[in-house]
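J.: Sequence first, predicted coordinates after that:
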There are 2 protein chains.
Amino acid sequence: MDPHLLRTYVTVTRLASFSAAARALGYTQSAVSQQVAALEQDLGTPLLTRRPVAPTRAGERLLEHAGPLLLRLQAARADIAALVGAPDGGLTLAAAPTALTHRVLRALPPTGVTLRVLPRADVPEAVATGGADLGLVDGLAAPNDPLRLADVAPLTTRGAGQEPVCVLLPAAHPLARRAGLRLADLADARWLDAPGAGLPLDHLRTATGSTGFRPALRYEGTDLQALTALAAAGHGLAVVPRSAVRDTDGLAAVPLTAPRVVHRTELLYAGAPRGAAADFAARLDLTRS
Amino acid sequence: MDPHLLRTYVTVTRLASFSAAARALGYTQSAVSQQVAALEQDLGTPLLTRRPVAPTRAGERLLEHAGPLLLRLQAARADIAALVGAPDGGLTLAAAPTALTHRVLRALPPTGVTLRVLPRADVPEAVATGGADLGLVDGLAAPNDPLRLADVAPLTTRGAGQEPVCVLLPAAHPLARRAGLRLADLADARWLDAPGAGLPLDHLRTATGSTGFRPALRYEGTDLQALTALAAAGHGLAVVPRSAVRDTDGLAAVPLTAPRVVHRTELLYAGAPRGAAADFAARLDLTRS
DNA sequence: CACCCCCGATAAGCGCCGCTGATGGTGCCC
DNA sequence: GGGCACCATCAGCGGCGCTTATCGGGGGTG
């Protein structure tokens, strides 16, 4: 189970070709063939069907393991490398789109910042693999509960703010005049599914334990403005943190009263923040409400 | 970052000796020395101080990664192996002590079962590495919330029951006559810390967001009977699922009313349950309350 | 229907990596 | 101060894994 073999195997399945994988990895086709054979012999079972090249059942299981494994390996490398290399003075921040609250933006140093906006699921990976010094992720959680993140590597999380959430709906919606809304009452409504930009629907489902929240339109961008416009135009409801609500024609934003859920933002880092990253983290703490 | 080198490095740090690690791993001392040197060169930094042999800062970081990495690797192996080998008909069940509710015990097949009671933290590992076909873990959670488990490997969880929890206190305790108790009111009391048997104190802390719950006595066994006796004798309070409460001299069990937490039991498995494991899982589902 | 091309498996050869055994240097304990 | 236990280093060698070369087969095309 050499990581080398694992990487080759993953590449072969991804490209569905021994030869293409060989070209991609800088090997000969023969080497790739031998590597896959070695892996299969090691595990005692075929992992791929040839012609066409596709994973067997065992191969599919292995793929599920291989990704996180290689990721963790890379994370370990990056972690040590970060400890060795001197901090370069700059600060790279990976953030989910809705995690960029005003409080965060205010705490940013004036220069030397690189901001990478990523889908929320990619943020921990970016921090773990050294693609960013710090990460900001957000999500719905019970008050004071930490967020649930995939543990690609031993990352430290620190709360970076909580705020109420609102439901976005067209102003003409029958419920738009309400002072507060219960999420359970909206399970049968049509929702915007915005895994990149906002809070994906399965977050709502786990938060309420419901199986509802059928998607109306799936939005794959990361832009909140567009999401807001979609909600105003009646393409579906959305849940966003209150501070992300902007006055928009035809839009109503009603606070969510039940379940008691807050929009929570967390700061992520590997090891201890250093240099500009430490400064930023400290400044973020100072503005704690 | 060969897993081989990683394993050697971990062994060296654990034994704090190159020579001892070499003996343990079946290498010569020379080989171990070269392996560690290779790892250090690969990562570009010293990982160990010699004389005495102890990890450097970078080495400590690496250790944090190496454990889960090697575990995952082993889990992947075991996962594939389980897929290859025919199910042996038997069923090995790894369970946390308090996860063995009556409902679980009733669903067990009459023969061919091996029951391994482990500390809760070890259950996912046992399932992932093939030490058990199924796992049962329990813990406190908000109603309908899944438990938080370390994801050593892609494991599937399935709810296997929820029930209210009670606080165990001596019958002479001033609060023993109450009909219900709020956990927050008990943060300053002295608690039994039973990481093996019951619900460790940090579970209570995360559940309430409190930093209280100072331990009075630390109990390292896995026996609930002893824990109950300790509570009755006034050595500290404990929280247990209601069904685990037995009539005991001098013991009072008061339902916990706030926060709204339940004792939740979950079934864990890698891939899809097969053979006797599938039967058991289905029977557990049938008795769903 | 036959040819050809592309793909993957296999064989042979070789270079390099990593192991062993031996030796050197160093701190610690007696 | 001597001996010992420990780790580093060196030389040598065996085997692993790569490349090159070749074979077998399947599908597309003329």
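T.: All right, it came through fine.
J.: what does the stretch 1-150 of chain A put close to DNA strand D?
T.: With Cβ under 7 Å from any atom of the strand as the criterion, the stretch 1-150 of chain A meets DNA strand D at residues A:Asp2, A:His4, A:Gly26, A:Tyr27, A:Thr28, A:Gln29, A:Ser30, A:Ala31, A:Gln34, A:Gln35, A:Ala38, A:Arg51. In short, each C-beta sits where N, CA and C put it, glycine included.
J.: quick one: which helix or strand includes the last one?
T.: Read it as A:Arg51. Secondary structure from DSSP states H and E places A:Arg51 outside every helix and strand.
J.: Can you tell me how far it is from DNA strand C?
T.: From A:Arg51 across to DNA strand C, the span is 6 Å (Cβ to the nearest atom of the strand, to the nearest Å).
J.: again, but for the second one
T.: A:His4 is 11 Å from DNA strand C, where distance means Cβ to the nearest atom of the strand.
J.: For that residue, which non-adjacent residue is closest in space?
T.: Spatial nearest neighbour of A:His4, excluding adjacent residues (Cβ to Cβ, 6 or more residues apart in numbering or on different chains): A:Gln35 at 7.4 Å.
J.: And what about the one you found, helix, strand or coil?
T.: Classification of A:Gln35 using DSSP: H, G, I helix; E, B strand; the rest coil returns helix.
J.: how about it, what does it touch?
T.: Counting by Cβ atoms under 8 Å, 6 or more residues apart in numbering or on different chains, A:Gln35 touches A:His4, A:Leu5, A:Thr8, A:Tyr9, A:Tyr27.
J.: among these, which two are most distant?
T.: Greatest spatial distance in the contacts of A:Gln35: A:Tyr9 and A:Tyr27, 12.5 Å, computed using Cβ to Cβ.
J.: More neighbours: which of these two?
T.: Taking neighbours as other Cβ atoms under 10 Å in any protein chain shown, A:Tyr9 and A:Tyr27 compare with A:Tyr9 leading, 24 against 17.
J.: Now do the strands for chain A: every range, in order, please.
T.: In chain A, the strands defined using DSSP state E lie at A:48-49, A:54-55, A:91-95, A:113-117, A:134-141, A:155-163, A:165-170, A:181-182, A:190-193, A:214-218, A:238-241, A:251-258, A:262-270.
J.: in the stretch 151-289 of chain A, what spans have low per-residue confidence?
T.: For the stretch 151-289 of chain A, applying pLDDT under 70 flags the ranges A:196-199, A:206-212, A:287-289.
J.: who in it is up against DNA strand C?
T.: Counting by Cβ under 7 Å from any atom of the strand, the stretch 151-289 of chain A has no residue next to DNA strand C.
J.: Closest residue of the stretch 151-289 of chain A to DNA strand C?
T.: Residue nearest to DNA strand C within the stretch 151-289 of chain A: A:Ala153 (24.2 Å; Cβ to the nearest atom of the strand).
J.: so what's that residue up against?
T.: Taking Cβ under 8 Å, 6+ apart, one finds A:Leu71, A:Arg72, A:Ala75, A:Ala76, A:Asp79, A:Pro124, A:Ala128, A:Ala270, B:His65 in contact with A:Ala153.
J.: Give the burial count for the fifth one, as a bare number.
T.: Residues near A:Asp79, counting by other Cβ under 10 Å, number 25.
J.: do the second one as well
T.: Applying other Cβ under 10 Å, we find 22 other residues in the vicinity of A:Arg72.
J.: in chain A, which residue is closest to the centre?
T.: A:Ala121 (1.5 Å; Cα atoms, centre = their mean).
J.: Now it. Nearest residue, chain neighbours left out?
T.: That would be A:Ala150: by Cβ to Cβ, 6+ apart, it lies 7.4 Å from A:Ala121.
J.: if we take the contacts of A:Gln35, which one ends up nearest to A:Gly180?
T.: A:Tyr9 (52.7 Å).
J.: I'd like to know how many residues surround the residue nearest to the closest one when sequence neighbours are not counted.
T.: Of all residues not flanking A:Tyr9 in the chain, A:Leu39 sits nearest, at 5.6 Å (Cβ to Cβ, 6+ apart). A:Leu39 has 22 neighbours, counted by other Cβ under 10 Å.
J.: measure the residue of the stretch 101-250 of chain A found nearest DNA strand C to DNA strand D for me?
T.: Here the stretch 101-250 of chain A gets closest to DNA strand C at one residue, A:Thr129, 23.5 Å apart by Cβ to the nearest atom of the strand. Distance, A:Thr129 to DNA strand D, using Cβ to the nearest atom of the strand: 23 Å.
J.: does that residue really touch A:Ala82, like I thought?
T.: No. Between A:Thr129 and A:Ala82 there is no contact under Cβ atoms under 8 Å: 10.2 Å.
J.: who's more crowded, the two?
T.: Neighbour count, other Cβ under 10 Å: between A:Thr129 and A:Ala82, A:Thr129 has more, with 20 against 17.
J.: how long is stretch A:21-29 end to end?
T.: One end of stretch A:21-29 to the other measures 8 Å (Cα to Cα, to the nearest Å).
J.: if we can go back for a sec, tell me the pLDDT of the residue nearest to A:Ala121.
T.: The predicted structure scores A:Ala150 at 73 on the pLDDT scale.
J.: That one - how many residues pack around it?
T.: So A:Ala150, with other Cβ under 10 Å, has 13 neighbours.
J.: pretty sure the residue nearest to A:Tyr9 is in contact with A:Val10, am I right?
T.: No. A:Leu39 lies out of contact with A:Val10 (Cβ under 8 Å); the separation is 10.6 Å.
J.: hey, what's in contact with both of these two?
T.: With the criterion set as Cβ under 8 Å, 6+ apart, the contacts of A:Leu39 and A:Val10 do not overlap.
J.: Mind naming the longest helix for chain A?
T.: helix A:57-84 (DSSP state H).
J.: before we move on, the earlier item: hmm, the residue nearest to the centre of chain A is touching A:Leu149, no?
T.: No. Look at A:Ala121 against A:Leu149 with Cβ under 8 Å: they stay out of range, at 9.1 Å.
J.: so A:Pro255 bridges to which residues?
T.: Beta bridges link A:Pro255 to A:Cys166 when assigned by DSSP bridges.
J.: Please report how far it lies from A:Leu39.
T.: A:Pro255 sits 54 Å away from A:Leu39, taking Cβ to Cβ, to the nearest Å as the criterion.
J.: May I see the strands of chain A arranged in JSON lines, with mean neighbour count as well?
T.: Shown next, in JSON lines, are the strands of chain A (neighbours: other Cβ atoms under 10 Å in any protein chain shown):
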{"stretch": "strand A:48-49", "mean neighbour count": "16"}
{"stretch": "strand A:54-55", "mean neighbour count": "16"}
{"stretch": "strand A:91-95", "mean neighbour count": "23"}
{"stretch": "strand A:113-117", "mean neighbour count": "14"}
{"stretch": "strand A:134-141", "mean neighbour count": "25"}
{"stretch": "strand A:155-163", "mean neighbour count": "18"}
{"stretch": "strand A:165-170", "mean neighbour count": "23"}
{"stretch": "strand A:181-182", "mean neighbour count": "17"}
{"stretch": "strand A:190-193", "mean neighbour count": "21"}
{"stretch": "strand A:214-218", "mean neighbour count": "14"}
{"stretch": "strand A:238-241", "mean neighbour count": "25"}
{"stretch": "strand A:251-258", "mean neighbour count": "18"}
{"stretch": "strand A:262-270", "mean neighbour count": "24"}
